[in-house]
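[1] Pasting a predicted model and its sequence here:
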Amino acid sequence: MAHTPAWRSFRRTQDLTVATAGLIYAGAVVHAFDRLSDDALIVQRTLIWPGVFLIASLGIPLAVGVLRRGLAKYVWMSFLAGFGQNVRSIVAGVVLLGGAAALIYWQISSAAQGGRYPAGVFSGYAAGIGILAAQAMLVRVLERHPEVKRQIEV
């Protein structure tokens with residue numbers, strides 16, 4: 001069966017949000033290598049520890065039943081609220097991603113001038129990407145749920 005245009009837009013928005021967040025993160029890592037010294041520390045703070053947070057924030061909500069059900073309910077409520085189905089919600093998502101990107105780039109610039117090293121912002125952003133990826137995966141799970149299936153198929 002074909003899905004409704006609203007569901008296709010929602011699913012596409014979920015996927016594009018994960019992809020956009022990943023590209024922003026990759027750009028920030030490249031920027032960190034360009035601006036900061038001590039490559040070993042950069043690898044640790046932008047790739048290794050954030051990778052642990054990304055895997056945990058992706059895996060734990062999908063593995064723990066109560067968290068998975070809660071996140072699936074949140075994803076379904078987001079669809080019902082119209083997220084990813086109109087220009088306003090998409091612009092709001094882009095603004096949030098842009099704000100997070102600006103924070104990362106600002107932290108890198110501050111560290112390049114002798115400020116605090118931006119370890120936490122990378123781990124936090126990676127954890128956010130993990131949650132976004134879990135949500136995108138749960139969209140596919142919801143598609144197979146009989147009650148949801150009735151509402152999203154044409």
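    That came through fine. None of the values given here were measured: they were computed from a predicted structure.
[2] so after the lowest-mean-pLDDT helix or strand in the chain, what's the next helix or strand?
    Every helix and strand of the chain was ranked by mean pLDDT, DSSP states H and E. The lowest is helix 87-112, at a mean of 89. As assigned by DSSP states H and E, the chain's next helix or strand after helix 87-112 is helix 119-144.
[3] Next, the angle from that next one to helix 87-112.
    Put simply, helix 119-144 runs at 150 degrees to helix 87-112, going by axes from the mean of the first three to the mean of the last three Cα atoms, to 10 degrees.
[4] now for helix 119-144, which elements pack on it?
    In terms of contacts (3 or more Cβ pairs under 8 Å, 6 or more residues apart in numbering; DSSP states H and E), helix 119-144 is packed against helix 5-35, helix 49-63, helix 65-80, helix 87-112, helix 146-152. No exception for glycine: its C-beta is placed from N, CA and C like everyone else's.
[5] now it: how far from the chain's centre is it?
    5 Å (Cα atoms, centre = their mean, to the nearest Å).
[6] export the helices and strands packed on helix 119-144 to JSON lines and tack on mean neighbour count and distance to residue 122?
    As requested, these are exported to JSON lines (neighbours: other Cβ atoms under 10 Å; distance: least, Cβ to Cβ, whole Å):
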{"stretch": "helix 5-35", "mean neighbour count": "17", "distance to residue 122": "7"}
{"stretch": "helix 49-63", "mean neighbour count": "17", "distance to residue 122": "5"}
{"stretch": "helix 65-80", "mean neighbour count": "15", "distance to residue 122": "23"}
{"stretch": "helix 87-112", "mean neighbour count": "15", "distance to residue 122": "7"}
{"stretch": "helix 146-152", "mean neighbour count": "12", "distance to residue 122": "35"}
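[7] Now render those as TSV, adding distance to residue 124.
    Shown next, in TSV, are the helices and strands packed on helix 119-144 (distance: least, Cβ to Cβ, whole Å):
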stretch	distance to residue 124
helix 5-35	11
helix 49-63	8
helix 65-80	18
helix 87-112	9
helix 146-152	31
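[8] Please name whichever of those helices is nearest to residue 137.
    With distances scored as Cβ to Cβ, the stretch of the helices and strands packed on helix 119-144 nearest to residue 137 is helix 49-63 (6.7 Å).
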